[in-house]
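[1] Predicted model, plus sequence, below.
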Amino acid sequence: MNENPIRSEKKTVNIFASIPYQDQFWKGNLKTYKELLEHIGFKVNVLFGPESAGVKEWQQIPKANFNILISPWYGQSIVEHLQELYGQPFFKFPHIPIGANETEKFLAGVLEFARQYDTGIDYEKAQAYIKHESRAYYEEIDNLATFLLEFRYGLPNHVHVIHDAGYVVGLSKFLLHETGIVPKEQFIVDNTPDEFQQSIRMDINNTSDKKKIPLVFEPDAGQVQNIIRNISHKGRGLIIGSGWDKELAKEKQYDFLSASVPSTYRLVLSTGYAGFYGGLRVMEDIFNVALTTYK
């Protein structure tokens, strides 16, 4: 008797997203995805980390109605294989949803996708949850706006992100639309396969009709640093990268946020950057960095 009949649980999904240990926020991100999806009515297999049931959960992969991929390319072969093996379709969100705009798009996309597959989700209840979380998020943004009006010391007005594709696109969208920090040249260093690069460029180009965000695929982090050394923009800059980039930021007199591995300047246990509260955490981290230089 098959204990795990294929696609037998209509509200169950498997999620494939942050790569354990290669992404220092993987535990926090997976916990966030699980909580968000559970609140809109799904049962979620995250497969990795403390939120996973371990081997038992892996054995139940075939039961899921469909899979969710949150990634520009890593994990794509897995969900395609599961589609072939078990007939499980997959919903793909091509970057990390950070802050309200992208988290709302992510959840709306999942719900729209689920309508095709007889999930029995209570859509009105799901929408009410999304509105509640969005309202709470923007209440915090209002509080931040009050602080920024009173705090007249210079804050970063532009940023270079040096990270994998999911973070570069996710952070660029978030920073431009929800903080006003303008993404300048962005650098993807995860050795993205050629066949995915065009779709990633399209994703970041769709961030804004008014501002073009230059994107460079360059797995050689040393070469990336050389490029940034020869770039000059007006105003106060910010570099979001790995511990290797701290000295570059100091050299450029930019603020620096350690957000990718190797990270020798911060400890991350359960922090995540995904979701509504992940966006608030990014803001906290950036403005705290800026405040440390205040005199």
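    Okay, I see it.
[2] quick one: the strands in the stretch 51-200 of the chain?
    Here the stretch 51-200 of the chain has its strands, by DSSP state E, counting those that start in this stretch, at 64-70, 90-93, 158-163, 182-183, 186-188.
[3] What's the mean pLDDT across the third one?
    In this model, strand 158-163 has a mean pLDDT of 97.
[4] Please apply the same query to stretch 250-259.
    95.
[5] measure it end to end?
    16 Å (CA to CA, to the nearest Å).
[6] what do you get for stretch 182-199?
    Stretch 182-199: ends 22 Å apart by CA to CA.
[7] Now do that stretch: everything it contacts.
    Stretch 182-199 is contacted by residues 72-74, 76, 94, 157-165, 168, 171-172, 175-176, 200, 204, 207, 211, 213-221, 224, 227-228, 231, 233, 237 when judged by CB atoms under 8 Å, 6 or more residues apart in numbering. Placement of C-beta: from N, CA and C, glycine included.
[8] Show me just the buried residues among these.
    Among those, those classed as buried by 16 or more other CB atoms under 10 Å are 72-74, 76, 94, 158-165, 168, 171-172, 175-176, 200, 204, 207, 213, 215-217, 221, 224, 228, 237.
[9] For burial, what's the neighbour tally of the residue nearest to residue 105 when sequence neighbours are not counted?
    Excluding the flanking residues, the one nearest residue 105 by CB to CB, 6 or more residues apart in numbering is residue 97, at 6.8 Å. For residue 97, the count of nearby residues is 29 (other CB atoms under 10 Å).
[10] Now for the residue found closest to residue 110 once you drop the neighbours it is linked to in the chain: which residues touch it?
    Spatial nearest neighbour of residue 110, excluding adjacent residues (CB to CB, 6+ apart): residue 91 at 5.8 Å. Neighbouring residues of residue 91 by CB under 8 Å, 6+ apart: 66, 67, 68, 69, 109, 110, 113.
[11] If you rank these by neighbours, which is first?
    Neighbour counts for the contacts of residue 91 (other CB under 10 Å) peak at residue 68, which has 27 neighbours.
[12] Restricted to helices, list the contacts of stretch 182-199.
    Of those, the ones assigned to helices by DSSP state H are 76, 165, 168, 171-172, 175-176, 200, 204, 221, 224, 227-228.
[13] thinking again about what came up before, can you tell which of the strands of the stretch 51-200 of the chain is closest to residue 82?
    strand 64-70 (5.8 Å; CB to CB).
[14] Contacts for that closest one next, please.
    Here strand 64-70 makes contact (CB under 8 Å, 6+ apart) with 7, 9-18, 33, 37, 45, 75-76, 78-79, 82-83, 88-93, 95-97, 106, 110, 113-114, 117, 119, 166, 274.
[15] Give the buried subset of the residues you listed as a PyMOL selection command.
    Remark: buried members of these, expressed as a PyMOL selection using 16+ other CB under 10 Å:
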select buried, resi 7+9+10+11+12+13+14+15+16+17+18+33+37+45+75+76+79+82+88+90+91+92+93+95+96+97+106+110+113+114+117+119+166+274
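[16] any chance of the contacts of residue 91 in JSON lines, plus pLDDT and distance to residue 24?
    Output for the contacts of residue 91, formatted as JSON lines (pLDDT from 0 to 100; distance: CB to CB, whole Å):
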{"residue": "66", "pLDDT": "98", "distance to residue 24": "29"}
{"residue": "67", "pLDDT": "98", "distance to residue 24": "24"}
{"residue": "68", "pLDDT": "98", "distance to residue 24": "22"}
{"residue": "69", "pLDDT": "98", "distance to residue 24": "20"}
{"residue": "109", "pLDDT": "98", "distance to residue 24": "26"}
{"residue": "110", "pLDDT": "98", "distance to residue 24": "25"}
{"residue": "113", "pLDDT": "98", "distance to residue 24": "29"}
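[17] what's across from residue 237 in the sheet?
    residue 158 (DSSP bridges).
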